[in-house]
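**Q** 3D, please:
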Amino acid sequence: MIVTLIVICEVGFWVLLAGGLALRYPAKMPKAGLAVLLCEPLLEVVLLVVTAVDLKNGAEPDWMHGLAAVYIGFTVALGHRTVRWADARFAHRFAGGPPPVKPPKYGAARAVWEWQTAARWTLASVIAIGLLQAAVWYVGGDGDVGSLRAWQSRMVFLIGINVVIAGSYT
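**A** Next comes the predicted model:
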């Protein structure tokens with residue numbers, strides 16, 4: 001059930017994004033488009049509540065609950081950037097806006113861009129680790145929280161990979 005809800009949230013994110021931007025630019029209804037775009041965080045709230053209720057009702061924490069926490073962390077930390085990325089492309093394509101800015105290819109500017117990217121992914125991982133830890137405390141000592149701890153380890157590994165990549169540009 002949780003995996004299905006995660007898929008629904010992901011599809012919903014892209015549907016709301018496309019719908020909001022379509023209202024904003026081709027339909028020339030910027031307020032309606034903004035209203036649709038502001039509905040996106042509700043998807044994460046629904047996922048968080050359903051996951052918490054599932055655990056409260058006695059479900060054993062497994063990889064699905066961990067994936068839900070990771071999904072929420074990544075959407076919170078990277079969702080705004082994704083919306084800005086898509087908005088720049090829609091504005092260019094449908095509203096005569098400037099071409100989207102491309103990341104720098106070389107030098108100090110590229111290093112700064114890579115460190116900013118690493119910071120975003122680190123924030124996403126830290127949020128996910130925090131949600132996973134909250135789930136561990138929520139379940140308590142009676143439940144098997146090994147799968148949640150495994151997701152925390154993966155997030156630490158992801159932070160390390162991003163730091164190594166950013167460091168390689170420095």
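**Q** Student question: in the protein, what's the helix or strand with minimum average pLDDT?
**A** Ranked by mean pLDDT, DSSP states H and E, the weakest helix or strand in the chain is helix 40-56, scoring a mean of 91.
**Q** Against which helices or strands is the strand or helix carrying V126 packed?
**A** Taking DSSP states H and E as the definition, V126 sits inside helix 107-139. Contact here means 3 or more C-beta pairs under 8 Å, 6 or more residues apart in numbering; DSSP states H and E; on that basis helix 107-139 packs against helix 40-56, helix 63-94, helix 146-168. Just so you know, the C-beta spots here come from the backbone N, C-alpha and C atoms, and that holds for glycine as well.
**Q** Quick check: mean pLDDT of the second one?
**A** Think helix 63-94. Helix 63-94 shows a mean pLDDT of 93 in the predicted model.
**Q** tell me the contacts of the most centrally placed residue in the chain?
**A** In the chain, the centroid-proximal residue (C-alpha atoms, centre = their mean) is T75; its distance is 1.7 Å. By C-beta atoms under 8 Å, 6 or more residues apart in numbering, the contact list for T75 reads C9, F13, L43, E44.
**Q** rerun that using 10 Å as the cut-off
**A** Neighbouring residues of T75 by C-beta atoms under 10 Å, 6 or more residues apart in numbering: C9, E10, F13, E40, P41, L43, E44, L47, T82, A124, I127.
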